[in-house]
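# Sharing a sequence plus its predicted fold:
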Amino acid sequence: MSEVRDWFNRLPQFTRYWFGLSVALPIAGRIGLVSPYQMILTTDFIYKFHLWRPLTALFFYPMKFHFLINLYFLYSYSLRLETEHFIGRPADYLFLLIFNWISIVLIALPLNVMLLMDPMVLSVLYIWCNLNKEVIVNFW
């Protein structure tokens, strides 16, 4: 167990929190600590002042195979961005994540997209791919 803790603590700051919350919230929803309905993005965010919904919709995802693929992409490409392109500039990486998140929330509300993990992970993957156009990416 200490190897897992050491591995997790060696992750860069923002990747560690994003990965940790993306694992913890789906598990909490799966075992019934919180209602999965309370973690998705709905218009209750605006009308009933459920201010946590845009944030929890970013970290919550149903625990299926696609969730594992998202975690792999999140870990791999967020780690690479944070340690290669944003090394020594954590505020720039945080700004990138917050800007992407706000943009995704503003697009997701009128389109009725309830889970934001997919678009957020794909936005980080897209940015990494644009910064590394010459690199061949293997997904499997």
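Ah, there it is. Residues are numbered from 1 along each chain as shown.
# contacts for the helix or strand encompassing residue 110?
Using DSSP states H and E, the element containing residue 110 is helix 90-111. The contact list for helix 90-111 (CB atoms under 8 Å, 6 or more residues apart in numbering) reads 13-14, 18, 41, 43, 45-46, 54, 57-58, 81-82, 86, 113-114, 116, 119-120, 123-124, 127. Every residue, glycine included, has its C-beta placed from N, CA and C.
# filter those to the buried ones?
Neighbour counting over the contacts of helix 90-111 (16 or more other CB atoms under 10 Å) leaves 14, 18, 41, 45, 54, 57-58, 81-82, 86, 113, 116, 119-120, 123-124, 127 as the buried ones.
# Can you name the next helix or strand after the least confident helix or strand in the chain by mean pLDDT?
The least trusted helix or strand in the chain, going by mean pLDDT, DSSP states H and E, turns out to be helix 44-47, with a mean of 74. Sequence order places helix 53-59 as the next helix or strand after helix 44-47, per DSSP H and E.
# how about the CA coordinates for that following helix, as PDB?
Extracted C-alpha coordinates of helix 53-59, given in PDB (Å, rounded to 0.1, in the frame of the first residue of the first chain):
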ATOM      1  CA  ARG A  53     -22.600  20.800  -9.600                       C
ATOM      2  CA  PRO A  54     -20.100  22.200 -12.200                       C
ATOM      3  CA  LEU A  55     -17.200  21.000 -10.100                       C
ATOM      4  CA  THR A  56     -18.500  17.600  -9.200                       C
ATOM      5  CA  ALA A  57     -19.600  17.000 -12.800                       C
ATOM      6  CA  LEU A  58     -15.900  17.400 -13.700                       C
ATOM      7  CA  PHE A  59     -14.800  14.600 -11.300                       C
END
